[in-house]
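Asker: Take a look and give me a structure for this.
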Amino acid sequence: MYHRLLLPAVERYGDREAIIDGDHRGTLAEHLDRTTKLASALRTELGVGPGDRFAIMATNSHQYLELYHAAFLGAGIVNPLNLRLAPAELEFILKDSGTKVVFVDFLFANNIDMIREAAGIEKVVLIGPDVDSPHDLKYEDLLAAGEPVVPEEPEEDDPVVLMYTGGTTGLPKGVLLDQRAEMLNLYHVIMAVGIDEGSTYLHQTPMFHAASMGGLLGIPASGARSVFLPLFDPEKVMDVIEEHGVDWTVMVPTMVGMVLRHPAFRPERLASLRKLTYGASPMPEAILDRLLELYPELELSQGYGMTEASAVLTFLTAEDHRRGGEVLRSAGRPVPGVVLSVQDEGGNELPVGETGEICARAGNFMREYWNRPEETAEAFRGGWYHTGDAGYLDAEGFVHLVDRVKDMIVTGGENVYSSEVEDAIGSHPDVDQVAVIGIPSEKWGEAVHAIVVRVEGSSVEAEELIAPAREQIAGYKVPKSIDFRDEPLPLSGAMKVLKRELRAPYWEGHGRSVG
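Answerer: Prediction:
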(Lines give C-alpha, C1' and ligand atoms only; values in the text may rest on other atoms or scores of the structure.)
Protein backbone atom coordinates (compact mmCIF):
# COMPACT_ATOMS: atom_id res chain seq x y z
CA MET A 1 0.00 0.00 0.00
CA TYR A 2 1.24 3.56 0.65
CA HIS A 3 4.32 2.20 2.47
CA ARG A 4 5.50 0.93 -0.93
CA LEU A 5 5.27 4.41 -2.44
CA LEU A 6 6.26 6.86 0.28
CA LEU A 7 9.15 4.95 1.88
CA PRO A 8 11.07 4.33 -1.39
CA ALA A 9 10.49 7.99 -2.30
CA VAL A 10 12.10 9.06 0.99
CA GLU A 11 15.10 6.80 0.30
CA ARG A 12 15.54 8.39 -3.13
CA TYR A 13 14.54 12.01 -2.52
CA GLY A 14 14.73 12.39 1.26
CA ASP A 15 17.06 15.42 1.25
CA ARG A 16 14.98 17.29 -1.32
CA GLU A 17 12.71 20.17 -0.26
CA ALA A 18 9.20 18.73 -0.36
CA ILE A 19 7.01 21.00 1.79
CA ILE A 20 6.38 24.75 1.41
CA ASP A 21 3.68 26.05 3.74
CA GLY A 22 4.03 29.76 4.49
CA ASP A 23 7.19 30.08 6.58
CA HIS A 24 7.45 26.32 7.09
CA ARG A 25 9.88 24.39 4.90
CA GLY A 26 10.63 20.70 5.07
CA THR A 27 12.38 17.89 3.23
CA LEU A 28 10.65 14.63 2.40
CA ALA A 29 12.67 12.88 5.12
CA GLU A 30 11.54 15.47 7.66
CA HIS A 31 7.95 14.96 6.51
CA LEU A 32 8.21 11.21 7.10
CA ASP A 33 9.80 11.80 10.51
CA ARG A 34 6.92 14.04 11.58
CA THR A 35 4.31 11.67 10.12
CA THR A 36 5.65 8.59 11.92
CA LYS A 37 5.86 10.49 15.22
CA LEU A 38 2.24 11.51 14.70
CA ALA A 39 1.21 7.92 13.98
CA SER A 40 2.93 6.81 17.18
CA ALA A 41 1.39 9.58 19.30
CA LEU A 42 -2.10 8.93 17.95
CA ARG A 43 -1.85 5.49 19.53
CA THR A 44 0.03 6.24 22.76
CA GLU A 45 -1.35 9.66 23.65
CA LEU A 46 -4.85 9.63 22.15
CA GLY A 47 -5.75 5.95 22.06
CA VAL A 48 -6.39 5.96 18.30
CA GLY A 49 -5.52 2.71 16.55
CA PRO A 50 -6.26 0.97 13.24
CA GLY A 51 -10.01 1.01 12.70
CA ASP A 52 -10.57 4.03 14.96
CA ARG A 53 -11.72 7.31 13.42
CA PHE A 54 -10.10 10.70 13.93
CA ALA A 55 -11.50 13.85 12.34
CA ILE A 56 -9.91 16.98 10.89
CA MET A 57 -11.58 20.37 10.60
CA ALA A 58 -8.91 22.75 9.37
CA THR A 59 -7.65 24.64 6.36
CA ASN A 60 -5.00 23.24 4.01
CA SER A 61 -1.60 22.77 5.65
CA HIS A 62 1.42 20.49 5.93
CA GLN A 63 -0.09 19.19 9.19
CA TYR A 64 -3.21 18.13 7.28
CA LEU A 65 -0.95 16.20 4.90
CA GLU A 66 0.80 14.53 7.85
CA LEU A 67 -2.55 13.45 9.28
CA TYR A 68 -3.61 11.92 5.98
CA HIS A 69 -0.30 10.10 5.59
CA ALA A 70 -0.42 8.80 9.16
CA ALA A 71 -3.78 7.21 8.33
CA PHE A 72 -2.46 5.70 5.11
CA LEU A 73 0.51 4.26 6.98
CA GLY A 74 -1.99 2.44 9.22
CA ALA A 75 -2.54 4.75 12.21
CA GLY A 76 -6.33 4.97 11.91
CA ILE A 77 -9.22 6.07 9.71
CA VAL A 78 -9.18 9.75 8.77
CA ASN A 79 -12.51 11.60 8.77
CA PRO A 80 -11.95 14.91 6.92
CA LEU A 81 -14.73 17.42 7.68
CA ASN A 82 -16.23 19.86 5.22
CA LEU A 83 -15.42 23.38 6.42
CA ARG A 84 -18.91 24.67 5.66
CA LEU A 85 -20.81 22.22 7.81
CA ALA A 86 -23.45 23.67 10.12
CA PRO A 87 -23.31 22.75 13.83
CA ALA A 88 -26.14 20.20 13.50
CA GLU A 89 -24.36 18.53 10.58
CA LEU A 90 -21.06 18.44 12.46
CA GLU A 91 -22.70 16.89 15.49
CA PHE A 92 -24.43 14.30 13.30
CA ILE A 93 -21.24 13.30 11.46
CA LEU A 94 -19.09 13.01 14.58
CA LYS A 95 -21.71 10.95 16.41
CA ASP A 96 -22.53 8.83 13.36
CA SER A 97 -18.86 8.03 12.74
CA GLY A 98 -18.02 7.35 16.37
CA THR A 99 -15.17 9.85 16.22
CA LYS A 100 -13.56 10.64 19.60
CA VAL A 101 -10.57 12.79 18.53
CA VAL A 102 -10.73 15.93 16.39
CA PHE A 103 -7.87 17.99 14.97
CA VAL A 104 -8.73 21.66 14.42
CA ASP A 105 -7.05 24.98 13.64
CA PHE A 106 -8.00 28.26 15.31
CA LEU A 107 -10.54 29.09 12.59
CA PHE A 108 -12.72 26.09 13.45
CA ALA A 109 -11.92 25.33 17.10
CA ASN A 110 -15.08 27.07 18.27
CA ASN A 111 -17.19 25.13 15.75
CA ILE A 112 -16.10 21.88 17.37
CA ASP A 113 -16.27 23.22 20.91
CA MET A 114 -19.90 24.22 20.33
CA ILE A 115 -21.00 20.63 19.72
CA ARG A 116 -18.23 18.77 21.52
CA GLU A 117 -20.24 17.46 24.45
CA ALA A 118 -23.27 16.49 22.38
CA ALA A 119 -21.07 14.71 19.82
CA GLY A 120 -19.10 12.80 22.45
CA ILE A 121 -15.68 14.19 21.54
CA GLU A 122 -12.98 13.24 24.05
CA LYS A 123 -9.91 15.08 22.77
CA VAL A 124 -9.38 18.19 20.62
CA VAL A 125 -5.92 18.81 19.17
CA LEU A 126 -5.05 22.32 17.97
CA ILE A 127 -3.09 22.74 14.73
CA GLY A 128 -1.05 25.92 14.33
CA PRO A 129 -1.37 29.15 16.35
CA ASP A 130 -3.53 29.48 19.43
CA VAL A 131 -5.84 32.50 19.29
CA ASP A 132 -7.76 31.77 22.50
CA SER A 133 -8.90 28.55 20.84
CA PRO A 134 -10.52 25.83 22.97
CA HIS A 135 -8.44 22.65 22.87
CA ASP A 136 -6.86 19.90 25.00
CA LEU A 137 -3.50 19.50 23.33
CA LYS A 138 -1.31 21.31 20.83
CA TYR A 139 -0.30 19.48 17.65
CA GLU A 140 3.45 20.05 18.07
CA ASP A 141 3.31 18.81 21.68
CA LEU A 142 1.57 15.68 20.43
CA LEU A 143 4.33 15.06 17.87
CA ALA A 144 6.99 15.56 20.54
CA ALA A 145 5.49 12.64 22.47
CA GLY A 146 5.69 10.27 19.51
CA GLU A 147 8.44 7.96 18.26
CA PRO A 148 9.61 8.00 14.61
CA VAL A 149 8.62 4.40 14.02
CA VAL A 150 6.92 3.35 10.78
CA PRO A 151 3.67 1.49 11.59
CA GLU A 152 3.10 -2.04 10.38
CA GLU A 153 1.82 -2.01 6.80
CA PRO A 154 -1.99 -2.30 6.66
CA GLU A 155 -3.88 -4.84 4.58
CA GLU A 156 -5.35 -3.86 1.22
CA ASP A 157 -8.91 -4.13 2.49
CA ASP A 158 -8.30 -2.11 5.67
CA PRO A 159 -10.47 1.04 5.72
CA VAL A 160 -8.49 4.29 5.65
CA VAL A 161 -10.86 7.18 4.83
CA LEU A 162 -14.39 7.91 6.07
CA MET A 163 -15.48 10.87 3.96
CA TYR A 164 -18.98 12.27 4.34
CA THR A 165 -20.81 13.38 1.24
CA GLY A 166 -23.45 16.06 1.33
CA GLY A 167 -23.92 19.77 1.24
CA THR A 168 -26.25 19.73 -1.74
CA THR A 169 -28.94 17.28 -0.60
CA GLY A 170 -30.13 15.92 2.75
CA LEU A 171 -28.06 14.58 5.66
CA PRO A 172 -24.48 13.54 4.87
CA LYS A 173 -23.61 9.87 4.29
CA GLY A 174 -20.29 8.41 5.37
CA VAL A 175 -18.36 6.87 2.48
CA LEU A 176 -15.96 4.22 3.77
CA LEU A 177 -12.94 3.75 1.49
CA ASP A 178 -10.24 1.12 1.87
CA GLN A 179 -6.53 1.18 1.07
CA ARG A 180 -6.92 -0.72 -2.19
CA ALA A 181 -9.58 1.60 -3.58
CA GLU A 182 -7.52 4.70 -2.79
CA MET A 183 -4.34 3.22 -4.28
CA LEU A 184 -6.17 2.23 -7.47
CA ASN A 185 -7.46 5.79 -7.74
CA LEU A 186 -3.92 7.12 -7.32
CA TYR A 187 -2.61 4.82 -10.06
CA HIS A 188 -5.43 6.01 -12.33
CA VAL A 189 -4.42 9.63 -11.77
CA ILE A 190 -0.76 8.86 -12.43
CA MET A 191 -1.63 6.98 -15.63
CA ALA A 192 -3.89 9.75 -16.92
CA VAL A 193 -1.92 12.84 -15.90
CA GLY A 194 1.57 11.72 -14.94
CA ILE A 195 3.61 13.16 -12.06
CA ASP A 196 7.08 14.60 -12.66
CA GLU A 197 9.51 14.26 -9.76
CA GLY A 198 10.63 17.86 -10.44
CA SER A 199 7.10 19.24 -10.29
CA THR A 200 5.84 21.89 -7.86
CA TYR A 201 2.20 21.29 -6.97
CA LEU A 202 -0.21 23.75 -5.36
CA HIS A 203 -2.72 22.31 -2.88
CA GLN A 204 -5.59 24.80 -3.15
CA THR A 205 -8.70 22.64 -3.48
CA PRO A 206 -9.96 21.84 0.03
CA MET A 207 -8.01 18.93 1.47
CA PHE A 208 -11.23 17.46 2.87
CA HIS A 209 -12.44 16.88 -0.70
CA ALA A 210 -11.97 13.66 -2.68
CA ALA A 211 -10.65 15.64 -5.66
CA SER A 212 -7.53 16.43 -3.62
CA MET A 213 -6.51 12.80 -3.04
CA GLY A 214 -4.34 12.39 -6.15
CA GLY A 215 -2.16 15.33 -5.12
CA LEU A 216 -2.13 14.41 -1.44
CA LEU A 217 -0.78 10.93 -2.11
CA GLY A 218 0.91 11.19 -5.51
CA ILE A 219 3.04 14.32 -5.12
CA PRO A 220 5.05 13.23 -2.02
CA ALA A 221 5.39 9.68 -3.38
CA SER A 222 6.92 11.09 -6.57
CA GLY A 223 9.48 13.31 -4.87
CA ALA A 224 7.70 16.46 -6.09
CA ARG A 225 7.18 19.64 -4.03
CA SER A 226 3.94 20.47 -2.22
CA VAL A 227 2.92 24.11 -1.78
CA PHE A 228 -0.07 24.87 0.43
CA LEU A 229 -2.66 27.64 0.27
CA PRO A 230 -4.87 27.52 3.41
CA LEU A 231 -8.04 28.76 1.70
CA PHE A 232 -8.75 29.54 -1.92
CA ASP A 233 -8.30 33.19 -2.80
CA PRO A 234 -7.90 34.15 -6.48
CA GLU A 235 -5.21 36.77 -5.93
CA LYS A 236 -3.26 34.62 -3.46
CA VAL A 237 -3.37 31.75 -5.96
CA MET A 238 -1.65 33.97 -8.51
CA ASP A 239 0.84 35.22 -5.90
CA VAL A 240 1.85 31.70 -4.84
CA ILE A 241 2.11 30.39 -8.40
CA GLU A 242 4.44 33.26 -9.28
CA GLU A 243 6.53 33.05 -6.10
CA HIS A 244 7.18 29.32 -6.17
CA GLY A 245 6.99 28.53 -9.89
CA VAL A 246 4.01 26.21 -9.43
CA ASP A 247 3.61 24.06 -12.53
CA TRP A 248 0.60 21.91 -11.62
CA THR A 249 -2.59 22.33 -9.64
CA VAL A 250 -6.18 21.13 -9.43
CA MET A 251 -9.16 23.50 -9.50
CA VAL A 252 -12.90 23.27 -9.90
CA PRO A 253 -14.37 25.37 -12.72
CA THR A 254 -15.76 27.96 -10.29
CA MET A 255 -12.23 28.60 -9.04
CA VAL A 256 -10.81 28.88 -12.57
CA GLY A 257 -13.47 31.44 -13.49
CA MET A 258 -12.80 33.49 -10.36
CA VAL A 259 -9.06 33.67 -11.16
CA LEU A 260 -9.57 34.62 -14.82
CA ARG A 261 -12.09 37.33 -13.90
CA HIS A 262 -10.08 38.81 -11.04
CA PRO A 263 -8.95 42.43 -11.55
CA ALA A 264 -5.35 41.44 -10.71
CA PHE A 265 -5.25 38.69 -13.34
CA ARG A 266 -2.65 38.94 -16.06
CA PRO A 267 -1.84 35.95 -18.28
CA GLU A 268 1.85 36.03 -17.37
CA ARG A 269 1.02 35.46 -13.69
CA LEU A 270 0.16 31.83 -14.49
CA ALA A 271 3.01 31.38 -16.96
CA SER A 272 4.77 28.67 -14.92
CA LEU A 273 1.74 26.33 -15.08
CA ARG A 274 2.33 23.29 -17.27
CA LYS A 275 -0.63 21.22 -16.05
CA LEU A 276 -4.10 22.14 -14.85
CA THR A 277 -6.58 19.47 -13.81
CA TYR A 278 -10.21 20.41 -13.27
CA GLY A 279 -13.31 18.56 -12.18
CA ALA A 280 -16.23 18.40 -9.69
CA SER A 281 -18.58 20.11 -12.19
CA PRO A 282 -18.67 20.83 -15.93
CA MET A 283 -16.36 23.55 -17.22
CA PRO A 284 -18.39 26.33 -18.89
CA GLU A 285 -17.43 26.52 -22.55
CA ALA A 286 -16.59 30.23 -22.34
CA ILE A 287 -14.00 29.60 -19.59
CA LEU A 288 -12.54 26.57 -21.36
CA ASP A 289 -12.23 28.49 -24.62
CA ARG A 290 -10.42 31.33 -22.86
CA LEU A 291 -7.99 28.97 -21.14
CA LEU A 292 -7.13 27.30 -24.45
CA GLU A 293 -6.69 30.67 -26.11
CA LEU A 294 -4.47 32.13 -23.36
CA TYR A 295 -2.38 29.01 -22.72
CA PRO A 296 -2.20 26.84 -25.86
CA GLU A 297 0.69 24.79 -24.39
CA LEU A 298 -1.03 24.15 -21.05
CA GLU A 299 -1.82 20.47 -20.47
CA LEU A 300 -5.46 20.55 -19.46
CA SER A 301 -7.12 17.45 -18.07
CA GLN A 302 -10.54 16.86 -16.60
CA GLY A 303 -11.43 14.22 -14.05
CA TYR A 304 -14.97 12.98 -13.49
CA GLY A 305 -16.00 10.90 -10.53
CA MET A 306 -17.37 11.06 -7.01
CA THR A 307 -16.38 10.40 -3.40
CA GLU A 308 -17.78 6.86 -3.62
CA ALA A 309 -15.24 6.05 -6.36
CA SER A 310 -12.30 7.38 -4.34
CA ALA A 311 -12.69 10.22 -6.83
CA VAL A 312 -12.03 9.30 -10.47
CA LEU A 313 -13.92 7.27 -13.09
CA THR A 314 -12.95 9.04 -16.32
CA PHE A 315 -10.34 11.46 -17.62
CA LEU A 316 -10.39 13.88 -20.50
CA THR A 317 -6.65 13.95 -21.12
CA ALA A 318 -4.38 16.70 -22.40
CA GLU A 319 -4.30 14.88 -25.76
CA ASP A 320 -8.10 14.89 -25.85
CA HIS A 321 -8.10 18.65 -25.21
CA ARG A 322 -5.73 19.17 -28.12
CA ARG A 323 -8.17 17.38 -30.42
CA GLY A 324 -10.75 20.08 -29.76
CA GLY A 325 -14.26 19.98 -31.15
CA GLU A 326 -17.10 17.98 -29.65
CA VAL A 327 -14.78 15.92 -27.44
CA LEU A 328 -14.20 19.02 -25.28
CA ARG A 329 -17.85 18.85 -24.23
CA SER A 330 -17.28 15.38 -22.76
CA ALA A 331 -15.88 14.25 -19.41
CA GLY A 332 -13.45 11.87 -21.11
CA ARG A 333 -13.22 8.11 -21.25
CA PRO A 334 -13.05 5.56 -18.43
CA VAL A 335 -9.64 5.01 -16.86
CA PRO A 336 -8.28 1.44 -17.05
CA GLY A 337 -10.27 -0.92 -14.87
CA VAL A 338 -13.47 1.15 -14.96
CA VAL A 339 -16.47 0.07 -17.03
CA LEU A 340 -19.39 2.43 -17.68
CA SER A 341 -22.91 1.84 -18.87
CA VAL A 342 -25.90 4.12 -19.36
CA GLN A 343 -29.13 2.73 -17.92
CA ASP A 344 -32.79 3.64 -17.89
CA GLU A 345 -34.93 3.65 -14.74
CA GLY A 346 -35.48 -0.09 -15.08
CA GLY A 347 -31.77 -0.87 -15.16
CA ASN A 348 -31.74 -1.61 -18.89
CA GLU A 349 -28.59 -0.64 -20.76
CA LEU A 350 -29.18 2.10 -23.32
CA PRO A 351 -27.51 2.34 -26.73
CA VAL A 352 -24.82 4.82 -27.76
CA GLY A 353 -26.07 8.41 -27.80
CA GLU A 354 -29.14 7.82 -25.62
CA THR A 355 -29.36 9.66 -22.29
CA GLY A 356 -29.86 7.81 -19.02
CA GLU A 357 -28.11 7.35 -15.68
CA ILE A 358 -24.36 6.81 -15.73
CA CYS A 359 -23.50 3.55 -13.95
CA ALA A 360 -20.08 2.07 -13.25
CA ARG A 361 -18.14 -1.00 -12.18
CA ALA A 362 -14.60 -0.71 -10.82
CA GLY A 363 -12.25 -1.75 -8.03
CA ASN A 364 -11.88 1.76 -6.65
CA PHE A 365 -15.38 2.02 -5.17
CA MET A 366 -16.26 2.38 -1.50
CA ARG A 367 -16.83 -0.54 0.80
CA GLU A 368 -20.11 0.89 2.03
CA TYR A 369 -22.10 3.85 3.23
CA TRP A 370 -21.21 3.85 6.91
CA ASN A 371 -23.85 1.90 8.86
CA ARG A 372 -26.35 2.20 5.98
CA PRO A 373 -26.65 -1.25 4.42
CA GLU A 374 -29.92 -0.52 2.62
CA GLU A 375 -28.60 2.62 0.97
CA THR A 376 -25.40 0.78 0.06
CA ALA A 377 -27.40 -1.99 -1.60
CA GLU A 378 -29.52 0.57 -3.45
CA ALA A 379 -26.44 2.37 -4.76
CA PHE A 380 -24.99 -0.91 -6.09
CA ARG A 381 -28.23 -2.44 -7.32
CA GLY A 382 -27.88 -4.79 -10.26
CA GLY A 383 -24.12 -5.04 -9.70
CA TRP A 384 -23.51 -1.45 -10.86
CA TYR A 385 -22.82 1.71 -8.90
CA HIS A 386 -25.53 4.24 -9.80
CA THR A 387 -23.96 7.69 -9.94
CA GLY A 388 -27.10 9.84 -10.04
CA ASP A 389 -25.63 11.63 -13.06
CA ALA A 390 -27.52 11.80 -16.33
CA GLY A 391 -25.53 11.47 -19.53
CA TYR A 392 -24.69 9.37 -22.58
CA LEU A 393 -21.76 7.60 -24.20
CA ASP A 394 -20.69 8.41 -27.75
CA ALA A 395 -19.32 5.97 -30.34
CA GLU A 396 -15.73 6.49 -29.11
CA GLY A 397 -16.60 5.79 -25.50
CA PHE A 398 -16.49 9.39 -24.27
CA VAL A 399 -19.02 10.12 -21.54
CA HIS A 400 -21.13 13.25 -21.95
CA LEU A 401 -22.73 14.53 -18.75
CA VAL A 402 -25.92 16.52 -19.08
CA ASP A 403 -27.06 16.97 -15.47
CA ARG A 404 -27.60 15.45 -12.09
CA VAL A 405 -30.65 13.22 -12.35
CA LYS A 406 -32.26 15.17 -9.49
CA ASP A 407 -31.50 18.50 -11.19
CA MET A 408 -33.23 17.56 -14.42
CA ILE A 409 -36.22 19.81 -15.16
CA VAL A 410 -39.38 18.29 -16.62
CA THR A 411 -41.35 21.04 -18.32
CA GLY A 412 -44.41 20.27 -20.39
CA GLY A 413 -43.30 16.63 -20.59
CA GLU A 414 -39.88 17.54 -21.99
CA ASN A 415 -36.61 16.88 -20.16
CA VAL A 416 -34.34 19.89 -19.78
CA TYR A 417 -30.80 19.50 -18.45
CA SER A 418 -29.74 22.57 -16.52
CA SER A 419 -26.06 22.45 -17.56
CA GLU A 420 -27.01 22.94 -21.22
CA VAL A 421 -29.06 26.03 -20.38
CA GLU A 422 -26.31 27.34 -18.08
CA ASP A 423 -23.82 27.11 -20.94
CA ALA A 424 -26.12 29.12 -23.19
CA ILE A 425 -26.76 31.86 -20.63
CA GLY A 426 -23.23 31.80 -19.21
CA SER A 427 -21.65 32.43 -22.61
CA HIS A 428 -22.87 36.05 -22.44
CA PRO A 429 -19.95 38.32 -21.46
CA ASP A 430 -22.03 40.15 -18.83
CA VAL A 431 -22.77 36.96 -16.85
CA ASP A 432 -20.48 36.21 -13.92
CA GLN A 433 -22.41 33.25 -12.47
CA VAL A 434 -25.57 31.41 -13.50
CA ALA A 435 -27.62 28.55 -12.07
CA VAL A 436 -30.68 27.05 -13.76
CA ILE A 437 -33.43 25.36 -11.75
CA GLY A 438 -37.02 24.24 -12.18
CA ILE A 439 -39.71 26.27 -10.40
CA PRO A 440 -43.46 25.56 -10.01
CA SER A 441 -45.66 26.27 -13.03
CA GLU A 442 -49.39 25.56 -13.29
CA LYS A 443 -49.10 25.39 -17.05
CA TRP A 444 -45.89 23.41 -17.49
CA GLY A 445 -45.48 21.59 -14.15
CA GLU A 446 -42.00 23.04 -13.91
CA ALA A 447 -40.69 26.14 -15.63
CA VAL A 448 -37.07 26.73 -16.54
CA HIS A 449 -35.72 29.53 -14.37
CA ALA A 450 -32.26 31.13 -14.31
CA ILE A 451 -30.57 32.90 -11.42
CA VAL A 452 -27.82 35.20 -12.63
CA VAL A 453 -25.04 37.22 -11.03
CA ARG A 454 -23.97 39.97 -13.41
CA VAL A 455 -20.37 40.96 -14.05
CA GLU A 456 -19.54 43.95 -11.85
CA GLY A 457 -20.77 47.16 -13.45
CA SER A 458 -23.14 45.41 -15.87
CA SER A 459 -26.83 46.29 -16.13
CA VAL A 460 -27.75 43.58 -18.64
CA GLU A 461 -31.47 42.69 -18.59
CA ALA A 462 -33.24 39.35 -18.90
CA GLU A 463 -34.26 39.65 -22.55
CA GLU A 464 -30.69 40.48 -23.52
CA LEU A 465 -29.69 37.08 -22.15
CA ILE A 466 -32.71 35.15 -23.38
CA ALA A 467 -32.55 36.35 -27.00
CA PRO A 468 -29.07 34.94 -27.81
CA ALA A 469 -29.86 31.76 -25.85
CA ARG A 470 -32.73 31.06 -28.29
CA GLU A 471 -30.13 30.74 -31.03
CA GLN A 472 -28.23 28.05 -29.13
CA ILE A 473 -30.89 25.84 -27.52
CA ALA A 474 -34.44 24.71 -28.28
CA GLY A 475 -37.26 27.05 -27.32
CA TYR A 476 -38.63 24.86 -24.52
CA LYS A 477 -35.19 24.93 -22.85
CA VAL A 478 -34.92 28.72 -22.81
CA PRO A 479 -35.57 30.20 -19.34
CA LYS A 480 -39.11 31.44 -18.86
CA SER A 481 -37.79 33.86 -16.24
CA ILE A 482 -34.53 35.21 -14.84
CA ASP A 483 -33.78 36.58 -11.38
CA PHE A 484 -30.70 38.72 -10.81
CA ARG A 485 -28.68 38.57 -7.59
CA ASP A 486 -26.09 41.02 -6.28
CA GLU A 487 -24.42 38.48 -4.01
CA PRO A 488 -22.54 35.36 -5.28
CA LEU A 489 -24.42 32.08 -5.65
CA PRO A 490 -24.25 29.84 -2.55
CA LEU A 491 -21.50 27.25 -2.82
CA SER A 492 -20.76 24.04 -0.96
CA GLY A 493 -17.36 23.49 0.60
CA ALA A 494 -16.40 21.77 -2.65
CA MET A 495 -17.27 24.95 -4.59
CA LYS A 496 -20.42 23.48 -6.16
CA VAL A 497 -23.55 25.64 -6.46
CA LEU A 498 -26.11 24.64 -3.84
CA LYS A 499 -29.16 24.32 -6.05
CA ARG A 500 -31.19 22.89 -3.20
CA GLU A 501 -30.90 26.26 -1.42
CA LEU A 502 -31.77 28.14 -4.61
CA ARG A 503 -34.86 25.98 -5.26
CA ALA A 504 -36.23 25.99 -1.72
CA PRO A 505 -37.92 29.44 -1.68
CA TYR A 506 -39.74 28.76 -4.96
CA TRP A 507 -41.09 25.37 -3.82
CA GLU A 508 -42.13 26.40 -0.29
CA GLY A 509 -45.73 25.37 0.23
CA HIS A 510 -45.73 23.01 -2.78
CA GLY A 511 -45.99 19.25 -2.44
CA ARG A 512 -42.98 18.43 -4.60
CA SER A 513 -39.67 17.61 -2.96
CA VAL A 514 -36.91 19.94 -4.03
CA GLY A 515 -34.20 17.28 -3.75
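Asker: CA only for contacts and neighbour counts going forward, please
Answerer: Will do.
Asker: The residue sitting furthest away from the middle of the chain: what's it in contact with?
Answerer: Farthest-out residue of the chain from its mean C-alpha position, per C-alpha atoms, centre = their mean: Lys443, at 38.2 Å. When contacts are counted by C-alpha atoms under 8 Å, 6 or more residues apart in numbering, Lys443 touches Gly412.
Asker: end-to-end on stretch 343-352?
Answerer: 11 Å (C-alpha to C-alpha, to the nearest Å).
Asker: re the thing from before, tell me the SS of the residue farthest from the centre of the chain?
Answerer: On the three-state scheme (DSSP: H, G, I helix; E, B strand; the rest coil), Lys443 is labelled coil.
Asker: Next, it: phi, psi?
Answerer: Backbone geometry at Lys443, expressed as degrees, to the nearest 10, gives phi -80, psi -40.
Asker: per-residue pLDDT, it?
Answerer: pLDDT, Lys443: 76.
Asker: hmm, who's touching the least confident helix or strand in the chain by mean pLDDT?
Answerer: Least confident helix or strand of the chain, by mean pLDDT, DSSP states H and E, is strand 414-416 with a mean of 76. Applying C-alpha under 8 Å, 6+ apart, the external contacts of strand 414-416 come out as 408-410, 476-477.
Asker: Mind checking which of those are buried?
Answerer: Neighbour-count burial (16 or more other C-alpha atoms under 10 Å) is assigned, among the contacts of strand 414-416, to 408-410, 477.
Asker: TSV for those residues, including secondary structure and pLDDT?
Answerer: Formatted as TSV, these follow (DSSP: H, G, I helix; E, B strand; the rest coil; pLDDT from 0 to 100):
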residue	secondary structure	pLDDT
Met408	coil	73
Ile409	strand	84
Val410	strand	77
Lys477	helix	88
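Asker: can I get these in TSV with distance to Leu186?
Answerer: Shown next, in TSV, are the buried ones among the contacts of strand 414-416 (distance: C-alpha to C-alpha, whole Å):
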residue	distance to Leu186
Met408	32
Ile409	36
Val410	38
Lys477	39
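Asker: Can you show me the strands along the stretch 101-250 of the chain?
Answerer: Taking DSSP state E, counting those that start in this stretch as the test, the strands found in the stretch 101-250 of the chain are 101-105, 123-127, 137-138, 159-165, 173-178, 200-203, 225-228, 248-251.
Asker: Could you name the helices and strands sitting against the shortest one?
Answerer: What that stands for is strand 137-138. strand 123-127 (3 or more C-alpha pairs under 8 Å, 6 or more residues apart in numbering; DSSP states H and E).
Asker: what inclination does the strand it packs on have with respect to strand 101-105?
Answerer: If you take axes from the mean of the first three to the mean of the last three C-alpha atoms, to 10 degrees, strand 123-127 sits at 30 degrees to strand 101-105.
Asker: Pull the residues that contact strand 123-127.
Answerer: Residues outside strand 123-127 that contact it (C-alpha under 8 Å, 6+ apart): 46, 58, 63, 100-106, 109, 133, 135-140.
Asker: can you check stretch 174-183 too?
Answerer: 1-2, 72, 93, 97, 154-165, 307-310, 363-370.
Asker: quick one: which of those residues sit in helices?
Answerer: Among these, the members falling in helices are 93, 97 (criterion: DSSP state H).
Asker: one step back: what is the nearest of the contacts of strand 414-416 to Asp483?
Answerer: Lys477 (16.4 Å; C-alpha to C-alpha).
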